[in-house]
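S.K.: with the input below, show me the fold.
(chains A and B)
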2 protein chains.
Amino acid sequence: MKTRAVLGIDIGGTTTTFGFTDQQGNIFEERIIPTYAEQHITQYLPRLYKAIDEMYEKYKEEIEWVGIGIGAPNANYLRGTIENPPNLKWGGIIPLAQIFEEKYQKPTVITNDANAAAIGEMLYGAARGMKNFILLTLGTGLGSGIVVNGEVVYGHTGFAGEMGHIIVNEEGRVCGDGRRGCLEAYVSVTGIKRTVAKLLADYNHIGALSKVSFEELTGEMICQAALQGDKIALEAFEYTGKILGTKLADAVLFTSPEAIILFGGLARAKDFILQPTLRYMEQRMFGPFKGTVKLMLSELQDKNAAVLGASALIWKELEKKK
Amino acid sequence: MKTRAVLGIDIGGTTTTFGFTDQQGNIFEERIIPTYAEQHITQYLPRLYKAIDEMYEKYKEEIEWVGIGIGAPNANYLRGTIENPPNLKWGGIIPLAQIFEEKYQKPTVITNDANAAAIGEMLYGAARGMKNFILLTLGTGLGSGIVVNGEVVYGHTGFAGEMGHIIVNEEGRVCGDGRRGCLEAYVSVTGIKRTVAKLLADYNHIGALSKVSFEELTGEMICQAALQGDKIALEAFEYTGKILGTKLADAVLFTSPEAIILFGGLARAKDFILQPTLRYMEQRMFGPFKGTVKLMLSELQDKNAAVLGASALIWKELEKKK
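M.R.: Modelled structure (predicted):
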């Protein structure tokens, strides 16, 4: 008997990763192709189809292909579209779910990467058995997937869960969206780099982080410096955790999650980010919620999270249709 | 044939209101008894039972009593309890749903007043046909009921939707919960009174609002003064709307509601509060959500909202069980 399997596709600005996955979260094979963000969708798709077809050819005797899940920037679950993603030159609103349904004749669901990651954690990761939690992706920006009663919240527009754009300070840092003081300008890999620059300005401190250009600085370097006790790096994590913890205390007031799960580059700093965030979150928490929220790290971080998330999305959808 | 009816009970710090309601939201009769907040629950309940029994006696030939819905401060829907309400001297955690189920042998559901009002608006008011919205009660404090996919969000603890305790300013006004700068210390009837006092301090202005003590000042007086063009009153609404609009722009990022509905004393100021709130909300809104959220007034404000909300709560529950 063939194994039921879905195709999970994660479309990023730099690479597209895909693979077939069974319902237990086992990936048959994962493959990565360049996205070439500057290409039009009509050039991108034939390349992706070809790569998928090659992979399917290899497994087609073994699997019964039952659906497709796609995680992508600016994806709208309700409409099945990708809408003006800032990092892809695809042009306008692309009905990607429909395009894949027509191409492969399989039910296809699409959502943004943070929502896909949230469903991935719920099926295979840190949120197994949880009905109410929030997942934050702390990478170049800050994405969020909010789960209420076991379902991702999409809201009226399909774009719910954009916690990266909570305002920290109206006169604060310029954000990619043209406004000022958005949370992601502080709490993300980019955000902590900006904080390091701010602290170098504040302290005029000579150390590991003063020897590298702003452009070359990475989250990994900040982590390494923190491990060696560098004052700027340690204070950068403290500052980041203070802002995140403070805003998470507010966030808890909305949906009262059982856990908040951190994922992505900044989450790799583990205790450096967890400890200050948890401390400030609890300190600022409204009484009835004190001690009710676990702050956790993703359990899929190093386990093909992107493909698992996209796969989990369509598995969850197929479950609903039963 | 008898009409199916539920008993809706709204327990407030000052009065308790109850009545039998049919599924279309028609109230047979509504009655109010004093709550006497300083009494223990064991003194309160017999008085309430007596009043209910008298009313039921009157309608028992006419109605088939199918359930009980209760709106009350600090009520926990998941646990069926009222937990340490600050304005009632009932003592500890009261399993009120169970108490009523045992007394009357009817399915009983309990939630806080803001959640009950949200369900009331969804069944009988401004949110008819909506699946995603937020209701704010702007009275002595600020309560909120958040609806996602047609269901009130209770979260992991059962206490979700406490937007009154979002932090506006960490060094700001002292709040009843012991922290500083909570939204309800600015945006509520009490909040706008405090703003009037602040503005009198700022401007040393002689006018309608400088002639009345802080204690005697009411929302109605501030509204009347605004109608007469009083500078302090107008600026107080502007200030309140700025803070509310700013925080609503953040709130929209979580659940992307179709509408935000204002209810309670401060909502009676209508355009005085709606206009600045909407203006600041739109100005500060993250791009993809601009123009997607209606800011509305409750449609149940003057229509027995409390009893309708509590009744709607149990009607919705009975629907689910079908």
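S.K.: ok now stretch A:121-139, how far from the chain's centre?
M.R.: Put simply, stretch A:121-139 sits 11 Å off its chain's centre (Cα atoms, centre = their mean, to the nearest Å).
S.K.: how about that stretch, does it reach chain B?
M.R.: Yes: judged by Cβ under 8 Å from any Cβ of the partner chain, stretch A:121-139 and chain B are in contact via A:Lys131, A:Asn132. All C-beta spots, glycine's among them, are computed from the backbone N, C-alpha and C.
S.K.: which of the residues in that stretch are buried?
M.R.: Across stretch A:121-139, burial judged by 16 or more other Cβ atoms under 10 Å in any protein chain shown covers A:121-127, A:130, A:132-139.
S.K.: what is the end-to-end distance of that stretch?
M.R.: 17 Å (Cα to Cα, to the nearest Å).
S.K.: and for stretch A:99-113?
M.R.: Stretch A:99-113: ends 19 Å apart by Cα to Cα.
S.K.: name the residues that touch that stretch?
M.R.: A:7, A:10, A:12, A:45, A:49, A:65-77, A:80-82, A:96-98, A:119, A:137, A:143, A:145, A:152, A:154, A:306, A:309, A:313-314, A:317-318, A:321 (Cβ atoms under 8 Å, 6 or more residues apart in numbering or on different chains).
S.K.: can you give me the helices for the stretch 201-322 of chain A?
M.R.: Listed in chain order, the helices of the stretch 201-322 of chain A (DSSP state H, counting those that start in this stretch) span A:219-227, A:231-255, A:271-284, A:305-321.
S.K.: can you pull the pLDDT of whichever residue of the stretch 1-150 of chain A sits closest to chain B?
M.R.: Residue nearest to chain B within the stretch 1-150 of chain A (Cβ to the nearest Cβ): A:Asn132, separated by 4.5 Å. pLDDT recorded at A:Asn132 is 98.
S.K.: that one against A:Glu258, yeah?
M.R.: Yes: assessed by Cβ atoms under 8 Å, A:Asn132 is found in contact with A:Glu258 at 5.3 Å.
S.K.: what do those two both touch?
M.R.: Common neighbours of A:Asn132 and A:Glu258 (Cβ under 8 Å, 6+ apart) are B:His156.
S.K.: show me what from the stretch 101-250 of chain A comes close to chain B.
M.R.: Residues of the stretch 101-250 of chain A lying near chain B (Cβ under 8 Å from any Cβ): A:131-132, A:146, A:148-149, A:151, A:153-163, A:165-167, A:170, A:177-179, A:246, A:249-250.
S.K.: of these, which belong to helices?
M.R.: Applying DSSP state H to these, the entries found in helices are A:Thr246, A:Ala249, A:Asp250.
S.K.: nearest to A:Lys290 among these?
M.R.: A:Lys290 lies nearest to A:Ala249 out of these, by Cβ to Cβ, at 9.5 Å.
S.K.: dump the helices of the stretch 201-322 of chain A to JSON lines, plus mean neighbour count, mean pLDDT and distance to B:Gly25.
M.R.: Formatted as JSON lines, those follow (neighbours: other Cβ atoms under 10 Å in any protein chain shown; pLDDT from 0 to 100; distance: least, Cβ to Cβ, whole Å):
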{"stretch": "helix A:219-227", "mean neighbour count": "19", "mean pLDDT": "96", "distance to B:Gly25": "55"}
{"stretch": "helix A:231-255", "mean neighbour count": "23", "mean pLDDT": "98", "distance to B:Gly25": "28"}
{"stretch": "helix A:271-284", "mean neighbour count": "19", "mean pLDDT": "98", "distance to B:Gly25": "40"}
{"stretch": "helix A:305-321", "mean neighbour count": "24", "mean pLDDT": "92", "distance to B:Gly25": "32"}
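S.K.: so which of these comes closest to A:Asp202?
M.R.: Between the helices of the stretch 201-322 of chain A, helix A:231-255 lies closest to A:Asp202; by Cβ to Cβ that is 8.9 Å.
S.K.: which elements pack onto that closest one?
M.R.: Contacts defined by 3 or more Cβ pairs under 8 Å, 6 or more residues apart in numbering or on different chains; DSSP states H and E place helix A:231-255 against helix A:189-203, helix A:219-227, helix A:271-284, helix B:231-255.
S.K.: out of the ones you listed, flag the one nearest A:Lys211.
M.R.: Here helix A:219-227 is closest among the helices and strands packed on helix A:231-255 (Cβ to Cβ), at 9.7 Å.
S.K.: got the confidence number for the nearest residue to A:Ile243 once chain neighbours are set aside?
M.R.: In this structure, A:Ile243 finds its nearest non-sequential neighbour in A:Tyr186, 4.7 Å apart by Cβ to Cβ, 6 or more residues apart in numbering or on different chains. pLDDT for A:Tyr186: 98.
S.K.: same question, A:Gly12
M.R.: 87.
S.K.: that one and A:Leu88, how far apart?
M.R.: Look at A:Gly12 and A:Leu88: by Cβ to Cβ, to the nearest Å, they are 9 Å apart.
S.K.: again with A:Asn74
M.R.: 8 Å.
S.K.: same check, this time on A:Gly145
M.R.: Taken as Cβ to Cβ, the span from A:Gly145 to A:Leu88 is 20 Å.
S.K.: between the two, who's got more neighbours?
M.R.: Applying other Cβ atoms under 10 Å in any protein chain shown to A:Gly145 and A:Leu88 shows that A:Gly145 carries more neighbours, namely 30 against 23.
S.K.: who touches the more buried one in this structure?
M.R.: A:Gly145 neighbours (Cβ under 8 Å, 6+ apart): A:Asn112, A:Ala114, A:Asn115, A:Ala116, A:Ala117, A:Ala118, A:Ile119, A:Ile134, A:Leu135, A:Thr137, A:Val152, A:Gly161.
S.K.: from the stretch 201-322 of chain A, which residue is nearest to chain B?
M.R.: Counting by Cβ to the nearest Cβ, the stretch 201-322 of chain A gets nearest chain B through A:Ser256, at 2.6 Å.
S.K.: neighbours around that residue, how many?
M.R.: Quick note: A:Ser256 (other Cβ under 10 Å) scores 24 neighbours.
S.K.: and for A:Glu102?
M.R.: Neighbours of A:Glu102 (other Cβ under 10 Å): 10.
S.K.: quick one, the helix or strand hosting A:Arg4 and helix A:305-321 angle?
M.R.: Following DSSP states H and E, one finds A:Arg4 within strand A:3-11. Here the directions of strand A:3-11 and helix A:305-321 differ by 130 degrees (axes from the mean of the first three to the mean of the last three Cα atoms, to 10 degrees).
S.K.: chain center to strand A:3-11, what's the gap?
M.R.: 18 Å.
S.K.: partner strands of it and their direction?
M.R.: Strand A:3-11 pairs in its sheet with strand A:15-22 (antiparallel), strand A:63-71 (parallel), by DSSP bridges.
S.K.: need the max-distance pair from the buried residues of stretch A:121-139.
M.R.: Among these, A:Asn132 and A:Gly139 lie farthest apart (Cβ to Cβ), at 23.8 Å.
S.K.: just to check, A:Ile32 is in contact with A:Thr16?
M.R.: Yes: between A:Ile32 and A:Thr16 there is a contact at 7.1 Å, judged by Cβ under 8 Å.
S.K.: neighbour count: those two, which is higher?
M.R.: A side-by-side neighbour count of A:Ile32 and A:Thr16, using other Cβ under 10 Å, places A:Thr16 first with 22 against 16.
S.K.: would you check that that one makes contact with A:Tyr36?
M.R.: No: between A:Thr16 and A:Tyr36 there is no contact under Cβ under 8 Å: 9.4 Å.
S.K.: most distant residue from the centre of chain A?
M.R.: Distance from the C-alpha centroid of chain A peaks at A:Met1, with 35.2 Å (Cα atoms, centre = their mean).
S.K.: so who does the residue in the stretch 51-200 of chain A that chain B sits nearest to touch?
M.R.: Closest to chain B within the stretch 51-200 of chain A is A:Gly155: 2.6 Å, counting by Cβ to the nearest Cβ. If you count contacts by Cβ under 8 Å, 6+ apart, A:Gly155 has them with A:Gly161, B:Asn132, B:Val148, B:Thr255, B:Ser256, B:Pro257.
S.K.: try it again at 7 Å.
M.R.: B:Asn132, B:Thr255, B:Ser256, B:Pro257 (Cβ atoms under 7 Å, 6 or more residues apart in numbering or on different chains).
S.K.: right, I'll leave it there.
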